[in-house]
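Participant: structure for the following, please:
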Amino acid sequence: MTIICSGSLAFDRLANYPGHFGDLILADKLAQLNVCFLVDGVERVHGGTAGNIVYNLQLMGQRPLVVTSVGADPDGRDYLARLETWGLDVGQIGVVQGQATAGAYIATDVGGCQLLFFNPGAMMAETPFDPGALPGPADGHLAIVSPGGFADMGRLARRYRELGIRFIFDPGQQIPAFGGEQLLDMLDGSLMLMTNEYELDLFLRLTGLTVDGLFHYTTAVLTTLGPRGSRLATPRGTQHVMAVPVESVGNPTGAGDAYRAGVLAALAHGEDILSSCRLGSTVASFCVEAEGTQGHSFSPGQLLARHFRTFKESPAFLA
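Facilitator: Next up, the predicted model:
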C-alpha cells in the first residue's frame, strides 16, 4: 500500500487579526476596496496542502509518497530536508530552477474568517511522476489530488482513473482556476470529493449540479464545516460527523489538511468511509489547538485515546 499525496509544499506566513474583517469591508464600496488590517505579528511556518497532510500522516506512523515541486531556493532545500528527517522518499519532488518555493499569506480574524494570498511559484511545474510505475496492484494504492499545479491535478486524476487507483479529489482553493467540465473530468471515478462548505457551493455553481448530481462521478461528498464538524453525503443519505472537542483553540489553519490525513490513514487500513471521517475529525482537533499548520504533535496512543473518548471506537492500526 502506497499513500500518494500531491499538492503543494509551501511556507505559510500566518497572522491573527484581533477583530472582524467584515467590520472594515463596506458592502457598497467593494468595487473600490482599499483596506488595511493591522495584525498581531507574522509567523513563518512549513505548510502547503501536501506538506500538511503528510506531516499528520507521519505522526500516525505512515510513510506517504509526496508528489509536487519546490524551487531551487533556501525554502525548497529546507522543506526537502524536513521531509527526509521523517523518513519520506523525496524522489518524486521536482526541484525547479529559477522559481521560488510556493508561499501563502494567511490572516485569520477573531471569528475564524480568513484572507489568503498564495504565490504558487515552482508548484506549477508538472512533475514526471507516473503512478503506473508503482509496485503491486493498482487497487492497493490510495491517492489524494489536493490543490497544486493545474497540469498535475488534471493529469494525475485521469491517470489514477485509468489505472484503477482509488483517489480522493480535493480541489480546494484551485476550484476557481477550472471550468465546470474540467472539474467534473477530474472528479470522475474518484472515491470522494472533499471540500469545505464554501468550496462545495462554488463547485456546484461552476458545474451546474446538485450534490445528488455529483454521484454520477464520485461515490461520496465530504464537506468540512469547521467547529460544526463535517457532513458525509452518499447516494444512501447524509450523515453528520461531530467536531471533536478541544482543550483550547489556537489557529484553525491547517485543520482541514489534518482531517484529510486522518481519512487517508483510516481508508488505507481498511476502515469504511464514515469511520475514516471520524478519525479525520480527531486528527483535526490536535491541529486546531496549536498555532501553525504543523505546530501540533501527538503519538498514536494519544490519538487513539482521544478518538475512543469521543467516538467509542478504536481503529486497529493505531493500537
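Participant: pop out the phi and psi values for Ala81.
Facilitator: Here the main-chain torsion angles of Ala81 (degrees, to the nearest 10) amount to phi -60, psi -40.
Participant: so Tyr259 sits against Val283, correct?
Facilitator: Yes. When contacts are counted by C-beta atoms under 8 Å, Tyr259 is listed as touching Val283 (6.4 Å). From N, CA and C alone the C-beta is placed, and that goes for glycine too.
Participant: by residue count, which helix of the protein is the longest?
Facilitator: Ordering each helix of the chain by length in residues (DSSP state H) puts helix 273-288 first.
Participant: and Leu142, how far from Pro171?
Facilitator: Distance, Leu142 to Pro171, using C-beta to C-beta, to the nearest Å: 18 Å.
Participant: please apply the same query to His20.
Facilitator: Distance from His20 to Pro171, counting by C-beta to C-beta: 28 Å.
Participant: which one's more surrounded, the two?
Facilitator: Using other C-beta atoms under 10 Å, the more surrounded residue of His20 and Pro171 is Pro171, with 25 against 12.
Participant: contacting residues for the more buried one?
Facilitator: When contacts are counted by C-beta atoms under 8 Å, 6 or more residues apart in numbering, Pro171 touches Val145, Pro147, Met153, Phe178, Leu183, Met186, Thr195, Glu199, Phe203.
Participant: element containing the last one?
Facilitator: When elements are defined using DSSP states H and E, Phe203 is found to belong to helix 197-207.
Participant: avg pLDDT for the helix or strand that that helix is followed by?
Facilitator: Per DSSP H and E, helix 197-207 leads on to helix 211-214 as the next helix or strand towards the C-terminus. The average pLDDT within helix 211-214 is 98.
Participant: list the contacts for Val95?
Facilitator: Contacts for Val95 were tallied using C-beta under 8 Å, 6+ apart; they are Ser69, Val70, Gly71, Ala72, Gly76, Leu80, Ala122.
Participant: any idea how far Ala122 is from the fifth one?
Facilitator: Counting by C-beta to C-beta, the separation of Gly76 from Ala122 is 7 Å.
Participant: likewise for Ala316?
Facilitator: Separation of Ala316 from Ala122 (C-beta to C-beta): 39 Å.
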